[in-house]
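Student: okay, here's the prediction I keep looking at, along with the sequence it came from:
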Amino acid sequence: MPDDVVVEAQVGESILSVAERAGLLIPTGCLMGSCHACEVEIEGVGEICSCITAVPPGHAELTVHLYSDPFW
């Protein structure tokens, strides 16, 4: 996975959309958060489904850790 990719995002924009705009691939399945294929970890927050989680207000910077799963 690439390190130190920085991209600006708007509050309310999905984490998946931000990653796609940055040129990063997050595997997806159902796009409704049920299958957890798009699960990532937001540092200090925990694991979330990137397709249904938006950039929260009040965070100047978020660190997102992507997983690499060869089966998705």
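Tutor: Cool, got the structure. Model, not experiment: these values are computed from the prediction.

Student: need the residues that contact the strand or helix carrying residue 19.
Tutor: Using DSSP states H and E, the element containing residue 19 is helix 15-21. Helix 15-21 is contacted by residues 7, 9, 25-26, 28, 38, 40, 42, 48, 50-51, 53-55, 64, 66 when judged by Cβ atoms under 8 Å, 6 or more residues apart in numbering. Bear in mind the C-beta positions are built from the backbone N, C-alpha and C, glycine included.

Student: show the buried residues in those.
Tutor: 9, 26, 28, 38, 40, 42, 48, 50-51, 53-55, 64, 66 (16 or more other Cβ atoms under 10 Å).

Student: so which of those are in strands?
Tutor: Per DSSP state E, strands hold the following members of these: 40, 42, 48, 64.

Student: grab the nearest non-local neighbour of residue 56.
Tutor: Nearest non-adjacent residue to residue 56, counting by Cβ to Cβ, 6 or more residues apart in numbering: residue 11, 7.0 Å away.

Student: surely that neighbour meets residue 60?
Tutor: No: checked against Cβ atoms under 8 Å, the pair residue 11 and residue 60 is beyond contact range at 11.2 Å.

Student: so for stretch 4-13, mean pLDDT?
Tutor: Mean pLDDT, stretch 4-13: 92.

Student: pull the distance from it to the chain's centre.
Tutor: When distances are taken as Cα atoms, centre = their mean, to the nearest Å, stretch 4-13 is centred 10 Å away from the chain's centroid.

Student: output it as PDB, nothing but the C-alphas.
Tutor: This file holds the C-alpha atoms of stretch 4-13, laid out as PDB (Å, rounded to 0.1, in the frame of the first residue of the first chain):
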ATOM      1  CA  ASP A   4       2.100   9.300   2.900                       C
ATOM      2  CA  VAL A   5      -0.500  10.000   0.300                       C
ATOM      3  CA  VAL A   6      -2.100  13.400   1.200                       C
ATOM      4  CA  VAL A   7      -5.400  14.600  -0.300                       C
ATOM      5  CA  GLU A   8      -7.900  17.300   0.700                       C
ATOM      6  CA  ALA A   9     -11.400  16.300   1.400                       C
ATOM      7  CA  GLN A  10     -14.700  18.000   2.200                       C
ATOM      8  CA  VAL A  11     -16.800  17.200   5.300                       C
ATOM      9  CA  GLY A  12     -19.500  14.800   4.300                       C
ATOM     10  CA  GLU A  13     -17.500  13.200   1.400                       C
END
